[in-house]
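Asks: quick check, what structure comes out for this input:
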Amino acid sequence: MDIFLKASLGLLPVLAFLIVLIILDSFKLVKMKFIISAIGAGAACALISLFINPLILKALAIDFSTFARYVAPLVEELLKIILVVYLIRTHRLGFLVDSAIAGFAVGAGFALVENVYYLQSLPDSGIFLWIVRGFGTAAMHGGTTAMAAMIGKYLSDRHDKLSLTILPGLLAASIIHSMYNHFFLPPLISTALLLFLQPLILVLIFMRSEKATENWLGQGLDADLKTYEAITRGKVLETRIGKYLESLNDHFSYNVVADMFEYIKNHLELSMQAKGILLARRLGVEIQPDPQVKELFEQLKVLEGRIGPTGRLAIKPFVRKSSRDLWEIHMLSR
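Replies: Reported below is the predicted structural model:
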């Protein structure tokens, strides 16, 4: 019974908070399969850290207290943020909301393995330790990675350099982790502060990001519908896209310009489907993508090859390639 209580205190709080974040996501941006994968990846990071931390400690020849305060936080946060950066750079995260959830899931997986390890290593530890580890340390791991993910996502939307994406979030997460390991405050007070400040900050960010998501969906869908309607009614030459494509006849062959037009049309269809699915989720309705989505993606790949790099560059202003647009296309493809 004692081991069950310790395990519950050490493992359940972080999972409960992750569930709260998922519930707050009204657009259901993150699928459960993705969250489970993120938890598993975080768990793998913890196993790696349990293996390399003793090696680094031995190589540096410093005392354990110094290592725990200054080196371990950097190593552990780096392992976790590498996963987050991968998700951002492969356009699997589109907003601060899903970045926070993915980051917290990675941190939760890390904390779960770490607490299982300590549960086995410290069988005689008291309940007090597991209150601190479950509500404090585990929440810290999830919170620092969520924060690093949101910083990384915010910066990646504005800069393409990997260093500008990873370093600020890594630095902030490592500093918070290090401060927590310094025990400036009594453990229970540190835990209480985490329980109060972390949910407050994340909820405020969620509210702002939900509003930004709603605005982006509304404005983007309206623009896509107007353009698509003009195309299907044969009035494309009256639009900015049509006039621009017509001007390209002097630089590209007729067939290439026709392929550009088809590429833009298919891209619009996919974009509208993705936005429609998100709006339906907001209303509590789960709808599946059109069966023709796979065919549209295959057509896009063929058209990209026929248009060529110069042609793709020419139509880039009309085929949005921001991280959110790339994310919505990726959402339909998975």
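Asks: contacting residues around residue 8?
Replies: Residue 8 is in contact with residue 134, counting by CB atoms under 8 Å, 6 or more residues apart in numbering. Bear in mind the C-beta positions are built from the backbone N, C-alpha and C, glycine included.
Asks: if I look at residue 45, how far off is residue 145?
Replies: Residue 45 sits 9 Å away from residue 145, taking CB to CB, to the nearest Å as the criterion.
Asks: so for the two, which sits in the more crowded spot?
Replies: More neighbours surround residue 145 than the other of residue 45 and residue 145, with 34 against 26 (other CB atoms under 10 Å).
Asks: hang on, the more buried one packs against residue 79?
Replies: No: Residue 145 is beyond contact range of residue 79, at 9.9 Å (criterion: CB atoms under 8 Å).
Asks: overlap in contacts of those two?
Replies: In terms of CB under 8 Å, 6+ apart, residue 145 and residue 79 are both contacted by the residues residue 110.
Asks: return the set of buried residues in stretch 169-178.
Replies: Residues of stretch 169-178 classed as buried: 169-170, 173-174, 176-178 (neighbour count, 16 or more other CB atoms under 10 Å).
Asks: ok, those residues vs residue 268, which is closest?
Replies: Closest approach between the buried residues of stretch 169-178 and residue 268, by CB to CB: residue 169, at 33.9 Å.
Asks: quick one: average confidence on stretch 260-273?
Replies: Stretch 260-273 comes out with an average pLDDT of 80.
Asks: could I get it in PDB with only the CA atoms?
Replies: Listed next in PDB are the C-alpha coordinates belonging to stretch 260-273 (Å, rounded to 0.1, in the frame of the first residue of the first chain):
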ATOM      1  CA  MET A 260       1.000  26.600 -61.500                       C
ATOM      2  CA  PHE A 261      -2.700  27.300 -61.600                       C
ATOM      3  CA  GLU A 262      -3.600  23.700 -60.800                       C
ATOM      4  CA  TYR A 263      -1.100  23.700 -58.000                       C
ATOM      5  CA  ILE A 264      -2.600  26.800 -56.400                       C
ATOM      6  CA  LYS A 265      -6.100  25.400 -56.800                       C
ATOM      7  CA  ASN A 266      -5.200  22.000 -55.100                       C
ATOM      8  CA  HIS A 267      -3.400  23.900 -52.300                       C
ATOM      9  CA  LEU A 268      -6.500  26.000 -51.600                       C
ATOM     10  CA  GLU A 269      -8.700  22.900 -51.400                       C
ATOM     11  CA  LEU A 270      -6.400  21.300 -48.800                       C
ATOM     12  CA  SER A 271      -6.100  24.500 -46.900                       C
ATOM     13  CA  MET A 272      -9.900  24.900 -46.700                       C
ATOM     14  CA  GLN A 273     -10.400  21.300 -45.600                       C
END
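Asks: just use 230 as the starting number from now, easier for me
Replies: That works, and once the first residue is 230, the last one we named lands at stretch 489-502.
Asks: how far off centre is the helix or strand harbouring residue 336?
Replies: Applying DSSP states H and E as the criterion places residue 336 in helix 325-350. Centre-to-centre, helix 325-350 and its host chain are 15 Å apart (CA atoms, centre = their mean, to the nearest Å).
Asks: quick one: secondary structure of residue 413?
Replies: Assigned by DSSP: H, G, I helix; E, B strand; the rest coil, the conformation of residue 413 is coil.
Asks: ok, and the closest non-adjacent residue to it?
Replies: The shortest distance from residue 413 to any non-neighbouring residue, by CB to CB, 6 or more residues apart in numbering, is to residue 419 (7.8 Å).
Asks: tell me the pLDDT at residue 400?
Replies: 94.
Asks: same check, this time on residue 365
Replies: On the pLDDT scale, residue 365 is placed at 73.
Asks: quick one, what contacts the residue lying closest to it once chain neighbours are set aside?
Replies: With CB to CB, 6+ apart as the criterion, residue 365 has its nearest non-adjacent residue at 3.5 Å, and that residue is residue 420. Contact analysis of residue 420 by CB under 8 Å, 6+ apart lists 360-361, 364-365, 368.
Asks: please identify the helix or strand for residue 420.
Replies: Element membership for residue 420 (DSSP H and E) is helix 416-461.
Asks: ok now whatever helix or strand comes next after that helix, how far from the chain's centre?
Replies: Following helix 416-461 in sequence order, the next helix or strand is helix 469-476 (DSSP H and E). Chain-centre distance of helix 469-476: 36 Å, with CA atoms, centre = their mean.
Asks: next structured bit after helix 469-476?
Replies: Following helix 469-476 in sequence order, the next helix or strand is helix 483-511 (DSSP H and E).
Asks: which of the residues in the next helix-or-strand element following that next one are buried?
Replies: Proceeding N to C from helix 483-511, the next assigned helix or strand is helix 522-543, under DSSP H and E. Across helix 522-543, burial judged by 16+ other CB under 10 Å covers 522, 525, 529, 532, 536, 540-541, 543.
Asks: pLDDT of helix 522-543, averaged?
Replies: 82.
Asks: what does stretch 382-390 give?
Replies: Regarding stretch 382-390, the rounded mean pLDDT is 79.
Asks: mind checking the end-to-end distance for it?
Replies: Using CA to CA, to the nearest Å, one end of stretch 382-390 lies 12 Å from the other.
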